[in-house]
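1. Compute the structure for the input listed below.
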Amino acid sequence: MLTVAEAYAAVLETVRTAGTELVPFNQANGRILREPVRADRPFPPFDRVMMDGIAIRFDSYARGQRVFVMEDVQAAGTPQLQLGNTANCMEVMTGAVLPELTDTVVQYEHLESTEHEGFRRFTIKHLVKKGQHIHKAGSDVKENAILLDDGALLGPAEAGVLATVGKTQVLVSKRPRVVVIATGNELVPVDATPQPHQLRMSNVYSLSASLEQLGIQAAVLHLEDHAESMKHQLQPLIADTDVWISSGAVSAGKFDYLPQVLQELGMQQVFHKVQQRPGKPFLFGTFHNGPVVFALPGNPVSGFMCFYRYVQPWLLAAMGARPAATMYASLSTKVSFEPALEYYLPVKLVSQPHGKLMAVPQPYQGSGDLASLLLADAFMELPSDISQFKKGDTFPVWKFR
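-> Here you go, the predicted structure:
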């Protein structure tokens, strides 16, 4: 039986990509970029006025001049004007190009305005520094600099950058073709009224919703506990899918046919069982030129935890995402756990005023306690070589909310 670290490494060793595709930039939200995006010109592309006011030649101010006659108005979005007399000024608006022969902007709040014989004059009332309130061309980004690199997750900020550089089509990772598989004769559709011995299908919809957070729309399949029927339904999917995520039928029960069926279909088992709780029966394998298989335990918390600990990292890596930094939190209270297994404790994450992230353990009745997930945000990963965990101890957390 593998440790969590060994199982995680074995999962990531099988990562394969689903290829790339071009999509319109305004339909790329949540996708993984697969090409560098460069600045097509400097940022900003011109010396940009940062305050409403006047633009002057600082040399005139330095010689003691404080009253400036206005020549013209430089508005945002208009071609650059030129100051005719460096003893005068140009009225300027925020976002405008800085007029030629000017090098300093004085905001209206530091000016007194008068008009005499049709000429408008501005008197400077505060200290002025050369070059103030000017956003210099190229001071943010140089032309041809890489703005977004391969592996970037495209979101709202990235959409603005793509629009700014005129990148109307972007190369992104294709999303893997995923099928989520429910197993068990006890399961009935969500809209059915279950008998006392039956349950509505729920695990597959939690998993499907988790996939939707990654932008992946999955097909859903229900397999009954019958080996030949399982084979018949799974065989056609081998050539047409990239990932199978199943729930249930992987323990040691008399009707847990799935491991045997998968191997008969040609799956190469990578491992079966991991030194962890919940999720110990987790099975993982691959088909040659076919899908990878995450056969998760049927208890809802077990499968949910395994998705965020193993499946989501695999999917993100397959789509070319950059590896995420591990998140840590500190226990808000002491915890005990005796078995020599890595323990995944449902916790609520609470940010403290001093900046520390606290993990508050939630009431938890075991891996069948689906309702416990409603109160939690993450699983805290507690190592197997310790049985007593003190308040304030810091450990990794795997967020699902």
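2. what about residue 123, helix or strand, and which?
-> Assigned by DSSP states H and E, residue 123 belongs to strand 119-124.
3. who does that strand pair up with?
-> Taking DSSP bridges as the criterion, strand 119-124 forms sheet pairs with strand 67-74 (antiparallel), strand 111-116 (antiparallel).
4. Return the most buried member of those strands.
-> Among the strands paired with strand 119-124, strand 67-74 has the highest mean neighbour count (mean count of other CB atoms under 10 Å), at a mean of 17. In this view, the C-beta of every residue, glycine as well, is placed from N, C-alpha and C.
5. what's in contact with stretch 325-343?
-> 3-4, 275-277, 280, 345, 347, 349-350, 356-361, 378, 380-385, 387-399 (CB atoms under 8 Å, 6 or more residues apart in numbering).
6. among these, which ones are buried?
-> 4, 275-277, 280, 345, 347, 349, 358-361, 378, 380-382, 384, 389, 393, 395, 397-398 (16 or more other CB atoms under 10 Å).
7. List the contacts of the helix or strand that the strand holding residue 123 is followed by.
-> Following strand 119-124 in sequence order, the next helix or strand is strand 134-135 (DSSP H and E). With contact meaning CB under 8 Å, 6+ apart, strand 134-135 is reached by 44, 47-50, 98, 103-105.
8. what helices or strands is the helix or strand of the chain with the lowest mean pLDDT leaning on?
-> Counting by mean pLDDT, DSSP states H and E, the chain has its least confident helix or strand at strand 187-188, which shows a mean of 76. For strand 187-188, the packing partners by 3 or more CB pairs under 8 Å, 6 or more residues apart in numbering; DSSP states H and E come out as strand 199-200.
9. Report the strands that pair with the strand it packs on, each with its relative direction.
-> strand 187-188 (parallel).
10. And the helices in the stretch 301-401 of the chain?
-> 312-318 (DSSP state H, counting those that start in this stretch).
11. dump the residue contacts of the residue nearest to residue 3 when sequence neighbours are not counted.
-> Spatial nearest neighbour of residue 3, chain neighbours left out: residue 275 (5.2 Å); criterion: CB to CB, 6 or more residues apart in numbering. By CB under 8 Å, 6+ apart, the contact set of residue 275 is 1-4, 340-342, 384.
12. returning to that earlier point: got the CA positions of the strand holding residue 123 in PDB?
-> Only the C-alpha atoms of strand 119-124 are listed here, as PDB (Å, rounded to 0.1, in the frame of the first residue of the first chain):
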ATOM      1  CA  PHE A 119      -7.000  85.200 -22.200                       C
ATOM      2  CA  ARG A 120      -7.200  82.600 -19.500                       C
ATOM      3  CA  ARG A 121      -4.300  82.600 -17.000                       C
ATOM      4  CA  PHE A 122      -3.400  80.100 -14.300                       C
ATOM      5  CA  THR A 123      -1.400  81.100 -11.200                       C
ATOM      6  CA  ILE A 124       0.500  78.300  -9.500                       C
END
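13. Now for the residue lying closest to residue 176 once chain neighbours are set aside: which residues touch it?
-> Counting by CB to CB, 6+ apart, residue 176 lies nearest to residue 242, which is 4.0 Å off, once chain neighbours are set aside. Neighbour list for residue 242: 16, 18, 176-178, 291-292, 318 [criterion: CB under 8 Å, 6+ apart].
14. Likewise for residue 291?
-> Here residue 291 is in contact with 237-238, 241-244 (CB under 8 Å, 6+ apart).
15. Over to residue 207. Which of the three states is it?
-> Put simply, residue 207 is helix when judged by DSSP: H, G, I helix; E, B strand; the rest coil.
16. ok, it - how many residues close by?
-> Using other CB atoms under 10 Å, the number of residues around residue 207 comes to 27.
17. How many neighbouring residues does the residue nearest to it when sequence neighbours are not counted have?
-> Of all residues not flanking residue 207 in the chain, residue 180 sits nearest, at 5.0 Å (CB to CB, 6+ apart). The tally of other residues near residue 180 (other CB under 10 Å) stands at 25.
18. For my notes, confirm residue 180 occurs in a helix.
-> No: Residue 180: not assigned to a helix; according to three-state DSSP it is strand.
19. Identify the residues contacting it.
-> 204, 207-208, 211, 218-221, 245-247.
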